[in-house]
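[1] Predicted model follows, preceded by the sequence.
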Amino acid sequence: MFETRAGELPEMPDDNADPADGLDRTRLRRQALLIALAELTEREREIASLRYGAELNANEIGATVGIESAPIRKILERARTRLAARIETLLSLDGGMP
């Protein structure tokens with residue numbers, strides 16, 4: 001068994017679960033992420049893309065966009081918070097998505 005970051009055991013998939021349900025949930029989460037990303041400012045999207053797409057650290061991102069690493073970290077923190085809240089809202093809407 002693997003533990004999560006919090007030290008808890010992860011939930012095990014139900015053997016009787018329909019694999020299509022998991023695929024549908026994955027599609028809904030991806031769609032919600034894309035909608036939420038589109039709502040970020042251009043700068044936030046660029047920085048988030050460099051961090052999570054290109055897997056650059058704050059120093060590398062700062063060198064790329066010409067901003068010190070401390071503001072990069074703050075921008076990422078705010079963007080993650082906004083993304084998480086927006087994704088949660090989108091997924092909780094009736095029917096899963098607008």
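    Nice, I can see it.
[2] From here on, just use CA atoms for contacts and neighbour counts.
    Noted.
[3] Only the buried residues of the helix or strand of the chain with the lowest mean pLDDT, if you could.
    Here the helix or strand of the chain ranked lowest by mean pLDDT, DSSP states H and E is helix 19-38, holding a mean of 85. Neighbour-count burial for helix 19-38 flags 28-29, 31-33, 36-37 (criterion: 16 or more other Cα atoms under 10 Å).
[4] ok, of those, which one's closest to residue 50?
    Nearest to residue 50 out of the buried residues of helix 19-38 is residue 37 (Cα to Cα; 13.1 Å).
[5] Please tell me how far that closest one sits from residue 69.
    21 Å (Cα to Cα, to the nearest Å).
[6] can you check residue 50 too?
    13 Å.
[7] Please, where are all the strands along the protein?
    Counting by DSSP state E, the chain has no strands to list.
[8] Pass me the low-pLDDT residue ranges in the chain, would you?
    1-22, 94-98 (pLDDT under 70).
[9] ok so, going back, possible to save the buried residues of helix 19-38 as CSV with distance to residue 62?
    Listed next are those as CSV, based on distance: Cα to Cα, whole Å:
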residue, distance to residue 62
28, 32
29, 29
31, 29
32, 28
33, 24
36, 23
37, 20
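[10] Buried residues, stretch 77-95. List them.
    In stretch 77-95, counting by 16+ other Cα under 10 Å, buried: 79, 82-83, 86-88, 90-91.
[11] got it, and stretch 41-60?
    44-45, 47-48, 50-51, 56, 58, 60.
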